[in-house]
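Asker: structure for the following, please:
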Amino acid sequence: MGKNEDPVQDSYVLYETWTLMHSVGALLDKVLEGSGMKSDEFGFYSVVIDNQPITPKRISELVGMPPTTVSSFLSRMIERGHASKKKNPADRRSFLIELTPLGYETQYGAWRRFLPAQDSVIEHLELPVDDVSRALQLLTEAVRAATPGD
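Answerer: Below you'll find the predicted structure:
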């Protein structure tokens, strides 16, 4: 590399995404305060509720978390009485997760706090929400494609 060649790029997509991730977490932690749920739990519960009954392996695939992290989340959910697990009839080595009535109640309480925050963010966007959503989907796909071992 020559003396005047700068390895720094004009765009730092991963850094910008990292700061976005933490900004979203801070916003959601604030609006979810008192709901019994933190931002990372809210997203995790949302994946379960949208896909139940669901295996831990499938959760890991959908959210991009390692199986050990998924297992930790599931253990906390079950300890709180927010989820139940039963043997998977299709694969007796795994199990299926579903929210319990208490889990639904907690999730819906958090949703009531989440929606106004989401509406406020959408109001502040300078691009149509569908365009932003599609760009985020494409970014997620690109990150997953670039992840070693995936």
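Asker: what's the burial count for V31?
Answerer: Counted with other Cβ atoms under 10 Å, residues neighbouring V31 total 19. C-beta here means a position set from N, CA and C on the backbone, and glycine is covered the same way.
Asker: so who does it touch?
Answerer: V31 is in contact with 113-114, 116-117, counting by Cβ atoms under 8 Å, 6 or more residues apart in numbering.
Asker: just the buried members of those residues?
Answerer: Those of these that meet the buried threshold are 113-114, by 16 or more other Cβ atoms under 10 Å.
Asker: what is the nearest of the contacts of V31 to P67?
Answerer: Each of these was checked against P67 using Cβ to Cβ; the closest is F114, at 26.7 Å.
Asker: distance check, the closest one against G25.
Answerer: Using Cβ to Cβ, to the nearest Å, we find F114 at a distance of 13 Å from G25.
Asker: same question for I49.
Answerer: 20 Å.
Asker: with L96 instead?
Answerer: Taking Cβ to Cβ, one finds L96 at 28 Å from G25.
Asker: quick one, which of these two is more surrounded?
Answerer: Ranked by neighbour count (other Cβ under 10 Å), L96 and G25 place L96 first, with 18 against 15.
Asker: which residues does the residue lying closest to the more buried one once chain neighbours are set aside contact?
Answerer: Leaving aside its sequence neighbours, L96 sits nearest to P53 (Cβ to Cβ, 6 or more residues apart in numbering; 3.7 Å). By Cβ under 8 Å, 6+ apart, the contact list for P53 reads 86, 96-98.
Asker: what subset of the residues you listed is buried?
Answerer: 96-97.
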